[in-house]
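Peer 1: sequence plus the predicted model coming up.
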Amino acid sequence: MAVSKDDLMVHIKEEWCKGCGICIAYCPKKVLGFNEHGKVSMLDRDNCIKCGMCEMRCPDFAIFLGGKENV
């Protein structure tokens with residue numbers, strides 16, 4: 001069974017994020033930002049196109065695309 005983009009969502013492991021902002025810089029839709037702890041968070045989940053640029057650029061594997069069960 002193939003997985004479609006509709007089945008994916010961005011997951012962020014805050015404890016792995018060092019707050020470098022690389023994923024924010026590479027996000028084409030600018031849906032990522034920093035939270036009050038200086039870690040990355042999803043600001044606008046509805047406008048995320050699930051392109052995977054954040055996942056590809058994160059040096060700490062703290063952000064990734066996965067299914068709802070991959071939390």
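Peer 2: Happy to help now that I have it. Please read all numbers here as calculations on a predicted model, not as lab measurements.
Peer 1: isn't H11 right up against G67?
Peer 2: No. Using CB atoms under 8 Å, H11 is not in contact with G67; the gap is 9.2 Å. Where you see a C-beta, it was placed from the backbone N, CA and C, and this is true even at glycine.
Peer 1: so who does L43 touch?
Peer 2: L43 sits next to 31-33 when contact means CB atoms under 8 Å, 6 or more residues apart in numbering.
Peer 1: which of those fall in helices?
Peer 2: Under the assignment DSSP state H, these contribute nothing to helices.
Peer 1: report how many residues lie close to M9.
Peer 2: For M9, the tally of surrounding residues (other CB atoms under 10 Å) stands at 17.
Peer 1: without its sequence neighbours, what residue ends up closest to it?
Peer 2: Counting by CB to CB, 6 or more residues apart in numbering, K68 is the residue found nearest to M9 once chain neighbours are left out, at 6.3 Å.
Peer 1: measure that neighbour to D6 for me?
Peer 2: According to CB to CB, to the nearest Å, K68 and D6 sit 11 Å apart.
Peer 1: so for the two, which residues contact both of them?
Peer 2: Between them, K68 and D6 share no contacting residue, judged by CB under 8 Å, 6+ apart.
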